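Asker: structure of the sequence below:
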Amino acid sequence: MPVNFTGNGYSITFIVLSVDFDQTCLAFDPTDGDQDGIPDVVTFNLPGAFTASVTFDGGDTDGELDLVIVDLFAPLASLPDGTLAAIAFTATCQPDPGASIIASVNFSNNPSASFVNTDCQNVPGATDGGSVLITAPPTATLTPTVTATGMATATPTPTVTSTATATGTPTATPTSTFNYRVYLALLHQNR
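Answerer: Have a look, this model is predicted:
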């Protein structure tokens with residue numbers, strides 16, 4: 001799920017957000033395999049001047065995930081508009097075949113989001129939540145499979161074709177291996 005930002009002309013250098021997600025249908029994996037202080041399922045897309053942190057508290061049912069994005073060193077940079085982060089959730093509920101479930105992902109009002117500009121002043125801001133559409137996996141369709149249980153073989157038989165020559169004498173032209181019996185039969189015909 002993307003976390004998008006629009007500054008609306010304000011030079012925002014510090015944001016604190018608390019994400020509240022539907023824990024009945026969505027799970028968050030806090031594993032930090034690379035030990036960088038950020039769970040592996042959260043990816044930030046920030047300019048180099050900014051640092052970010054993520055705190056997860058599964059017991060906080062009004063804001064399980066806290067994100068802080070800040071530029072700590074002067075001169076302070078402002079965040080560009082766009083996607084600041086992406087959070088991967090795992091669906092834990094299963095809709096019936098052909099149905100879907102909408103799981104909400106909102107920003108908490110307690111605490112509410114905070115925005116600070118490059119002059120270190122609080123700026124009023126707003127947040128809009130989103131949702132995750134969970135659909136049932138497609139049902140498996142069976143495809144017929146043809147399996148050979150035996151193998152048919154053909155036994156080649158020699159073929160003799162006769163062609164007319166300018167003198168009218170038929171000659172035998174074998175198209176396969178030489179067959180002595182056919183040769184004798186042709187000799188009898190020519191006598």
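
Asker: run me through the strand neighbours of the lengthiest strand in the chain, direction for each.
Answerer: Ranked by residue count, the top strand of the chain under DSSP state E comes out as strand 12-21. Strand pairing for strand 12-21, using DSSP bridges, gives strand 65-70 (antiparallel), strand 100-107 (antiparallel), strand 114-117 (antiparallel).

Asker: just tell me which of these ends up closest to residue 21.
Answerer: Minimum separation from residue 21 across the strands paired with strand 12-21 (Cβ to Cβ) falls at strand 100-107, 4.7 Å. (Each C-beta comes from the backbone N, C-alpha and C, glycine too.)

Asker: shaky segments in this protein?
Answerer: For the chain, the stretches flagged by pLDDT under 70 are 139-191.

Asker: show me the helices in it, by range?
Answerer: 180-190 (DSSP state H).

Asker: grab the most central residue of it for me.
Answerer: In the chain, the C-alpha nearest the mean C-alpha coordinate belongs to residue 88, at 12.7 Å (Cα atoms, centre = their mean).

Asker: of the strands paired with strand 12-21, which is nearest residue 50?
Answerer: strand 65-70 (5.8 Å).

Asker: mind listing what's buried in that closest one?
Answerer: By neighbour count on 16 or more other Cβ atoms under 10 Å, the buried set for strand 65-70 is 65-67, 69-70.

Asker: and if you look at stretch 107-123?
Answerer: Neighbour-count burial for stretch 107-123 flags 107-108, 113, 115-118, 123 (criterion: 16+ other Cβ under 10 Å).

Asker: who's in contact with it?
Answerer: By Cβ atoms under 8 Å, 6 or more residues apart in numbering, the surrounding residues in contact with stretch 107-123 are 10-20, 62-63, 75-78, 124-129.
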